[in-house]
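Engineer: the sequence and its predicted three-dimensional model are supplied below.
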Amino acid sequence: MKTYDLIVIGAGPGGYEAAFEAADLGMKTALIEKEAPGGTCLNHGCIPTKSLLHAAELARSISEAGLFGVSADNVTADWNRMQERKREVVLQLRKGIEATAKRKKVDLIQGTGTLLPGKTVSVRTEAGEELLQAEYILLATGSRPVVPPIPGADLPGVVTSDELLEAERKPDRLVIIGGGVIGVEFASLFAALGTAVTVIEAMPQLLPNLDKEIAQSLKMLLKKRGVAVYTGARVLEIRRKEDGSLTCVYEADGTAEAEADCVLVSVGRRPYTDGLFAEGARPETERGRILVDEHGETSLPGVYAVGDVTGGIMLAHAASAAGKNAARHMAGKPDCADTRFIPSCVYTEPEIACVGMTLEQAKAAGIAADSRKALMTANGKTVLSGGERGYIRVVFEPGSGKLLGAQMMCERATDMVSGFTQALSAGLTVEELARVIRPHPTFSEAITEALR
């Protein structure tokens, strides 16, 4: 039986970052993955989605180039080439993970890992079964899409994001059930490619967990781009017609129908633990998620879990930070990442990024709060580049001026939000942030305007 200091099950962002951090700290580490390194983020989520989004936004930008005096005729988007490019990107990044594992002397094992009692792991590979043992175990098996019990949800043509990302052809009509982050990103993607898109969201607003004004602005922008958006709407059933197309029956102000070639179900994800635990080796769980303490340790001493499998914030960068911190805790080292403030990003156009509290959340928590906002319509870089409507808002304590949060809907929001995240971690005030000189003309100038 091979022995290690650490065995990681799951080579997504939480798993491979933990393995690499442990290796840097001198721990002999094995990293087990049943599919391809990179997990959902690299292979079925963040990277392939953003690759396709980038191509679609390029096509839309080129088609609108006449606004800037640039002529472009016969602009087309080749779905097959977009898919090829997506696969090239994924493969390049996957090879990067494999090369890093080799360089750091992490044993990357392709197989299915199952936790046994006594911090032992059974790994089933094509060659058979192998038993490994370690002082520490880290579970980072991620999540999978939720498919609600809607009549007709099992019909051909009804897919999750995993299947839609691998579609051989672009649908002409797409109905999206769920207006969360995944739903609105796919709506932006396919609307830019000319697909007739309908979004049906059960909650009163799109992006239910984000700022209401952002949700309202996004709804207006999507409608401007031809997307039909229905909020406060409940899907009743999905029917298949004789010609093979689909009908999505939903209830909003009465019963209505939306026709589609494809229906995307994007109502959330749930922790993936199938086959992960042998009898006598299951840590404490709650509604499918593995319960952990502030260090990521489960109810089984020496067994940790990070990322989507623990529920909570299901974001790649949150999993990476938790994985690194868990590895450092095993090695008796202090945390390297402040996980109190996790930025959320939505890659629509314009981008959306938020961190910390909204004004409503602060007041609901009993915290005295105020906010300031700068409109992007007054920002020079936004105007000259033909940017859409948007804004930057900062939330702060009125007495001390301490920053509580920030919400952004503008170009490059997902890059600029890191400055606010750092400020929250350092406990800075809006006055301290406003003292920074930001270059002109840039999108970031609007941050100064919002702070003042």
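Structural biologist: Arrived safely. Numbers count the residues shown, from 1 in each chain.

Engineer: mind checking the longest helix of this protein?
Structural biologist: When the chain is parsed with DSSP state H, its longest helix is helix 79-103.

Engineer: buried stuff in that one?
Structural biologist: 79, 82-83, 86, 89-90, 93-94, 97-98, 100-101 (16 or more other C-beta atoms under 10 Å). (Each C-beta comes from the backbone N, C-alpha and C, glycine too.)

Engineer: for it, name the packing helices and strands.
Structural biologist: helix 13-24, helix 39-44, helix 46-63, strand 107-110 (3 or more C-beta pairs under 8 Å, 6 or more residues apart in numbering; DSSP states H and E).

Engineer: repeat that with 7 Å
Structural biologist: helix 39-44, helix 46-63 (3 or more C-beta pairs under 7 Å, 6 or more residues apart in numbering; DSSP states H and E).

Engineer: which other helices and strands does the shortest one contact?
Structural biologist: Other elements packing on helix 39-44 under the criterion 3+ C-beta pairs under 7 Å, 6+ apart are helix 13-24, helix 79-103.

Engineer: what's next to that helix, contact-wise?
Structural biologist: Contacts to helix 39-44, defined as C-beta atoms under 7 Å, 6 or more residues apart in numbering, come from residues 10-13, 15, 35-36, 47, 90, 93-94, 142-143, 162, 165, 316.

Engineer: in a strand, Arg372, correct?
Structural biologist: Yes - under DSSP: H, G, I helix; E, B strand; the rest coil, Arg372 sits within a strand.

Engineer: now do the residue nearest in space to the middle of the chain, the pLDDT please.
Structural biologist: Note on the chain: the residue nearest the mean C-alpha position is Leu315, at 4.7 Å, using C-alpha atoms, centre = their mean. Turning to Leu315, the model gives it a pLDDT of 96.

Engineer: now it, nearest residue through space, not along the chain?
Structural biologist: Excluding the flanking residues, the one nearest Leu315 by C-beta to C-beta, 6 or more residues apart in numbering is Ile342, at 6.4 Å.

Engineer: and the gap between Glu257 and Ser61?
Structural biologist: Relative to Ser61, Glu257 is positioned 34 Å away (C-beta to C-beta, to the nearest Å).

Engineer: give me the more crowded residue out of those two.
Structural biologist: Ser61 (17 against 12; other C-beta atoms under 10 Å).

Engineer: partners of the strand ranked longest in the chain in the sheet?
Structural biologist: As assigned by DSSP state E, the longest strand anywhere in the chain is strand 128-139. Applying DSSP bridges, strand 128-139 is found paired with strand 2-9 (parallel), strand 120-125 (antiparallel), strand 303-305 (parallel).

Engineer: could those strands be laid out in CSV, adding distance to Asp172, mean neighbour count and mean pLDDT?
Structural biologist: As requested, these are exported to CSV (distance: least, C-beta to C-beta, whole Å; neighbours: other C-beta atoms under 10 Å; pLDDT from 0 to 100):
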stretch, distance to Asp172, mean neighbour count, mean pLDDT
strand 2-9, 41, 23, 98
strand 120-125, 42, 18, 97
strand 303-305, 43, 27, 98
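
Engineer: wait, which of the ones you listed is closest to Lys363?
Structural biologist: strand 303-305 (33.8 Å; C-beta to C-beta).

Engineer: what comes into contact with the closest one?
Structural biologist: 119, 136-139, 283, 290, 292, 296-298, 326.

Engineer: average pLDDT for stretch 279-296?
Structural biologist: Mean predicted confidence for stretch 279-296 is 97.

Engineer: make 42 the starting number, not 1.
Structural biologist: Understood, numbering begins at 42; the last thing we discussed is stretch 320-337.

Engineer: residues of it that come out buried?
Structural biologist: 322-324, 326, 330-331, 333, 337.

Engineer: and the end-to-end length of it?
Structural biologist: 22 Å (C-alpha to C-alpha, to the nearest Å).

Engineer: stretch 309-324 now?
Structural biologist: End-to-end distance (C-alpha to C-alpha), stretch 309-324: 24 Å.

Engineer: distance check, Gly321 against Val350.
Structural biologist: Distance, Gly321 to Val350, by C-beta to C-beta: 19 Å.

Engineer: wait, a helix at Ala368?
Structural biologist: Yes - assessed with three-state DSSP, Ala368 lies in a helix.

Engineer: contacts only, for the residue nearest to Leu356.
Structural biologist: 354, 356, 359.

Engineer: before we move on, back to that, which other residues reach the longest strand of the chain?
Structural biologist: So strand 169-180 is contacted by 42-51, 56, 59, 71, 156, 160-164, 317, 331, 343-347, 350, 367, 371 (C-beta under 7 Å, 6+ apart).

Engineer: mind doing that once more with 6 Å?
Structural biologist: Under the contact criterion C-beta atoms under 6 Å, 6 or more residues apart in numbering, strand 169-180 has outside partners 42-50, 59, 160-164, 343-346, 350, 371.

Engineer: number of residues surrounding Leu469?
Structural biologist: Applying other C-beta under 10 Å, I find that Leu469 has 18 neighbouring residues.

Engineer: and it, how far from His85?
Structural biologist: Taking C-beta to C-beta, one finds Leu469 at 37 Å from His85.
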